[in-house]
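>>> Have a look at this prediction, sequence included:
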Amino acid sequence: MERLLWVVLIAAIIWALAMAVEASAFDKSRASGVVGRLDSPIAMLELAESEQQFAAILDQGERGKNITVMQLNTYMDFVFILLYCLTFILLAAVCSGTSTLSMAVAAAILAAGVLDYWENFRLLGQFRSMRSGAAIAPLSRPVSLGKWGIFALALCLVGFALLQARSRIDARALFAMSIFVFLAAGCTAVGLFRNRLIGASVLCLFPALPIAAWVWRPWR
């Protein structure tokens, strides 16, 4: 199981970096302050409160180009959802001292994954509507808030699983991972009310992945 965890971690890291590179093509040449330098355009689109705000985010640059960039990023996310669900489930299975905690992590992250798929379908519908000029499809915000709320719970549960495993696995590495995971959970929870912080949760979480890949490397 540890070898499988390592393979999934490497795949998640590579895919996350690929998505970040792809999203960097988002055009902000007409930036009016709607999307800040460190803001995640896709997270802001997910949590847009109105059709006008959704359109304003895309109009930070050339709209057609930004729709294309965000559509591709959303299609890439379908793969990433599988990877992060597997990562959480395998981490909990390897680290948790109790089956109850492992099952709780699995239930939470699978629920977040299902909502993430639903959110993606809504986003794709919005992009098609924006491109065609038709009435905009339902906003993804209600689904996104549910996804991010459950994701914050899953992060907390994984953090506790990491702390449980410190006596059996590299204590310092797992403690460092747990700090990043709890920081991400905190940013996500606060981001439900101050949406710009949602993007920061991803930045907090990412360092935990290479640490985990090092801890469970096959050649140790």
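Alright, I've got the coordinates.
>>> Name the residues that touch stretch 106-121?
With C-beta atoms under 8 Å, 6 or more residues apart in numbering as the test, stretch 106-121 has contacts from 46, 74, 77-78, 81-82, 84-85, 88-89, 92, 140, 143-144, 146-147, 150-151, 153-154, 157. Where you see a C-beta, it was placed from the backbone N, CA and C, and this is true even at glycine.
>>> Over to stretch 46-61?
26-32, 34-35, 41, 44-45, 63, 66-67, 70, 119, 123, 126, 130, 136, 139-141, 144-145, 195, 198.
>>> Restricted to buried residues, select those residues in PyMOL.
To isolate the buried members of those in PyMOL, using 16 or more other C-beta atoms under 10 Å:
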select buried, resi 26+27+34+35+41+44+45+63+66+67+70+119+123+126+130+136+139+140+141+144+145+195+198
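>>> of the contacts of stretch 106-121, buried ones?
For the contacts of stretch 106-121, a burial check counting by 16+ other C-beta under 10 Å picks out 46, 74, 77, 81-82, 84-85, 88-89, 92, 140, 143-144, 146-147, 150-151, 153-154, 157.
>>> So which of those residues sit within helices?
Under the assignment DSSP state H, those contribute 46, 74, 77, 81-82, 84-85, 88-89, 92, 143-144, 146-147, 150-151, 153-154, 157 to helices.
>>> for Trp219, phi and psi?
Per-residue torsions, Trp219: phi -90, psi 10 (degrees, to the nearest 10).
>>> With Phe26 instead?
Dihedral angles of Phe26 (phi, psi; degrees, to the nearest 10) stand at phi -60, psi 130.
>>> That one and Ser40 touch, don't they?
No - using C-beta atoms under 8 Å, Phe26 makes no contact with Ser40, being 9.4 Å away.
>>> end to end, how far does stretch 26-44 reach?
13 Å (C-alpha to C-alpha, to the nearest Å).
>>> residues contacting the spatially closest residue to Ala43 that is not a sequence neighbour?
Closest residue to Ala43 in three dimensions, ignoring its sequence neighbours and counting by C-beta to C-beta, 6 or more residues apart in numbering: Ile198, at 4.6 Å. Applying C-beta under 8 Å, 6+ apart to Ile198 gives the contacts 40, 43, 47, 148, 187-188, 191.
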